[in-house]
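# no sequence for this one, just the structure:
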């Protein structure tokens, strides 16, 4: 198990940027595939991006491809989500998650460790 704490959310104007961080506890962070998901009220949690322990990224969600970048620093037990060219439709609570799996990493059900979420609001 690993405990996750997100930070970096906030209010930003459309076209702006934010960088989310997710700090993990424990000494096994480097074994986990890390994912970012987001959720808006009344909708299901949706996949944004994922990164393997080695730093290889899986395909991004179409809605964020080319604008968002996931990265990790295993020495700091932290995964990041750099979000550029933000749009109002990116407004959501963003969650990081951890799994020991390498496949199915775009699926909510593949993850068994979740953070509490951080709110991102993009104004038009």
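Thanks, I have the structure now. Predicted model only: the values in this text are computed from it and were never measured.
# and the residue nearest in space to the middle of the chain, what helix or strand is that in?
The structure's the chain has its C-alpha centroid closest to residue 36; by CA atoms, centre = their mean the separation is 2.1 Å. Counting by DSSP states H and E, the element that carries residue 36 is strand 33-39.
# follow-up on the earlier one: just list the residues touching the residue nearest to the centre of the chain, thanks.
When contacts are counted by CB atoms under 8 Å, 6 or more residues apart in numbering, residue 36 touches 20, 22, 48, 49, 50, 70, 79, 81, 94, 95, 96, 97. The way it works is simple: take the backbone N, C-alpha and C, and place the C-beta from them, glycine included.
# Which of those fall within strands?
Among the contacts of residue 36, DSSP state E puts 20, 22, 48, 49, 50, 70, 79, 81, 94, 95, 96, 97 in strands.
# got a list of contacts for stretch 12-24?
With CB under 8 Å, 6+ apart as the criterion, stretch 12-24 contacts 2-10, 32, 34, 36, 76-88, 94, 96, 98, 115, 118, 120-124.
# Quick one: buried ones out of those?
Burial by neighbour count, 16 or more other CB atoms under 10 Å: within the contacts of stretch 12-24 this picks out 2, 4, 6, 8-9, 32, 34, 36, 77-81, 83, 86, 94, 96, 98, 115, 118, 120, 122.
# I'd like the distance from residue 77 to residue 120, if you could.
Using CB to CB, to the nearest Å, residue 77 is found at 22 Å from residue 120.
# whoops, I mixed them up, residue 113
Distance, residue 113 to residue 120, by CB to CB: 21 Å.
# which residues does the residue lying closest to residue 112 once chain neighbours are set aside bridge with?
Excluding its sequence neighbours, the residue lying closest to residue 112 (CB to CB, 6 or more residues apart in numbering) is residue 99, at 6.6 Å. Residue 99 has these beta-bridge partners by DSSP bridges: residue 33.
# give me every residue that touches residue 99.
Residue 99 neighbours (CB under 8 Å, 6+ apart): 32, 33, 35, 105, 110, 111, 112, 113.
# Kindly give a single ChimeraX line that selects the buried subset of these.
Restricted to buried positions by 16+ other CB under 10 Å, the ChimeraX selection for the contacts of residue 99 reads:
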select :32,33,35,105,110,111,113
